[in-house]
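[1] Just a sequence and a predicted model for now, questions to come.
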Amino acid sequence: KAGVTQTPRYLIKTRGQQVTLSCSPISGHRSVSWYQQTPGQGLQFLFEYFSETQRNKGNFPGRFSGRQFSNSRSEMNVSTLELGDSALYLCASSAGGPQETQYFGPGTRLLVL
Amino acid sequence: GQNIDQPTEMTATEGAIVQINCTYQTSGFNGLFWYQQHAGEAPTFLSYNVLDGLEEKGRFSSFLSRSKGYSYLLLKELQMKDSASYLCAVRADYKLSFGAGTTVTVRA
């Protein structure tokens, strides 16, 4: 089975711009979770989508949003980018049950200048 | 929310054993996961515990005590390639929360 894929892998934006990141889960997985990873804060949960519905949300401002399509692919959007949004954005997919293992994609490294 | 604590750094010699402890406080516990993350790469799944006791997978073992809010990851017969960050993650109410990670350095 192919693993989780994320595009793009690297991105450079300037403050005030917006960005859309894409995640394709492992075939058959219906849950996609997004995380932000920075050296200072570690891995922080953004949100989780299951069957096109946001099932859980972390403590991030409304500038961070996401959606999931009927084929389970997910996108996250960050509007009005700030310097502090520079990070590695990881998505992880699972079958969706509460004890299911999450498998991570390679991540998108975002640099905001 | 969850409060997850693990040591920041550990150093060990090739061939030795290292134990990484993780303590947590949570409600709605659904399981504890350990991930390995090499620098610049994504986390990869190592182990999962939902019941008390020891789970063994080759050179890696993980232990859980739910009543104590405690887990450890045991790495045996350390190899240079085991130098990485090890993340303890607690699943509760469909949300996975991560500790800050323990950087393990293996020396020859």
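    Noted; the coordinates are in hand.

[2] Now do B:Ile20, the pLDDT please.
    Listed pLDDT for B:Ile20 reads 98.

[3] next one: B:Asn3
    For B:Asn3, the predicted pLDDT is 89.

[4] Skipping adjacent residues, who's closest to it in space?
    B:Gln25 (4.5 Å; C-beta to C-beta, 6 or more residues apart in numbering or on different chains). In short, each C-beta sits where N, CA and C put it, glycine included.

[5] And the one you found, how close does it get to chain A?
    17 Å (C-beta to the nearest C-beta, to the nearest Å).

[6] low-scoring stretches of chain B, by residue?
    Low-confidence segments of chain B, defined by pLDDT under 70: B:1-2.

[7] can you give me the strands for it?
    B:3-5, B:9-13, B:18-25, B:29-37, B:44-49, B:53-57, B:60-65, B:70-75, B:84-92, B:95-98, B:102-107 (DSSP state E).

[8] close to chain A, is the fourth one?
    Yes - judged by C-beta under 8 Å from any C-beta of the partner chain, strand B:29-37 comes into contact with chain A through B:Asn30, B:Gly31, B:Phe33, B:Tyr35.

[9] Quick one: work out the angle between that strand and strand B:84-92.
    If you take axes from the mean of the first three to the mean of the last three C-alpha atoms, to 10 degrees, strand B:29-37 sits at 160 degrees to strand B:84-92.

[10] how deep is residue 64 tucked in, by neighbour count?
    With no chain named, the answer covers chain A. 18 (other C-beta atoms under 10 Å in any protein chain shown).

[11] The chain in question should be chain B.
    B:Leu64 sits with 22 neighbouring residues when counted by other C-beta under 10 Å.

[12] Repeat that for A:Lys13.
    For A:Lys13, the count of nearby residues is 16 (other C-beta under 10 Å).

[13] returning to that earlier point: give me whichever of the strands of chain B is most buried.
    strand B:84-92 (a mean of 23; mean count of other C-beta atoms under 10 Å in any protein chain shown).

[14] chain center to that one, what's the gap?
    5 Å (C-alpha atoms, centre = their mean, to the nearest Å).

[15] elements contacting it?
    strand B:3-5, strand B:18-25, strand B:29-37, strand B:70-75, strand B:95-98, strand B:102-107 (3 or more C-beta pairs under 8 Å, 6 or more residues apart in numbering or on different chains; DSSP states H and E).

[16] Distance to A:Trp34 for those strands - can I get that in CSV?
    Compiled in CSV, those are given as follows (distance: least, C-beta to C-beta, whole Å):
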stretch, distance to A:Trp34
strand B:3-5, 19
strand B:18-25, 22
strand B:29-37, 16
strand B:70-75, 25
strand B:95-98, 11
strand B:102-107, 24
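
[17] of all these, which lies closest to A:Val78?
    A:Val78 lies closest, by C-beta to C-beta, to one member of the helices and strands packed on strand B:84-92: strand B:95-98, at 20.2 Å.

[18] hmm, back to that, to A:Gly16, which of the helices and strands packed on strand B:84-92 lies closest?
    With C-beta to C-beta as the yardstick, what comes closest out of the helices and strands packed on strand B:84-92 is strand B:95-98 (29.9 Å).
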